[in-house]
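Engineer: Next input, structure requested:
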Amino acid sequence: MKKIIVALSVVVAFAGTAVAAEVIEFPATMGKVTFNHKKHQESLKECKLCHEKGPGKIEGFGKEWAHKTCKGCHEEKKAGPTKCSECHKK
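Structural biologist: Below you'll find the predicted structure:
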């Protein structure tokens with residue numbers, strides 16, 4: 001019984017990873033933003049940095065959230081784009 005519970009826990013923990021898109025494109029007024037979800041999963045290894053309430057859509061996601069959270073993380077880690085033209089491609 002203990003093995004079944006452990007196996008189910010592992011399946012639930014990785015269920016969001018299995019169905020997540022590899023690359024996501026967001027339309028933006030300043031040019032589309034391409035987000036490599038798989039790359040971020042592999043490098044950050046902590047879904048809750050973006051998905052505070054669990055797998056799925058990000059609550060409150062929008063321009064302000066992305067600029068604060070994504071750009072802020074890139075600046076903090078000194079990795080990833082921080083200038084407009086580095087994310088927004090026309």
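
Engineer: separation between the nearest residue to Val33 once chain neighbours are set aside and Lys45?
Structural biologist: Take Val33 and drop its neighbours on the chain: the residue closest to it by C-beta to C-beta, 6 or more residues apart in numbering is Phe26, 4.5 Å away. C-beta coordinates here come from the backbone N, C-alpha and C atoms, glycine included. As judged by C-beta to C-beta, to the nearest Å, Phe26 and Lys45 stand 23 Å apart.

Engineer: List the contacts of the residue nearest to Val33.
Structural biologist: Lys32, Val33, Thr34, Phe35 (C-beta atoms under 8 Å, 6 or more residues apart in numbering).

Engineer: repeat that with 10 Å
Structural biologist: Contact partners of Phe26, counting by C-beta atoms under 10 Å, 6 or more residues apart in numbering, are Lys32, Val33, Thr34, Phe35, Phe61, Gly62, Lys63, Ala66, Cys87, His88.
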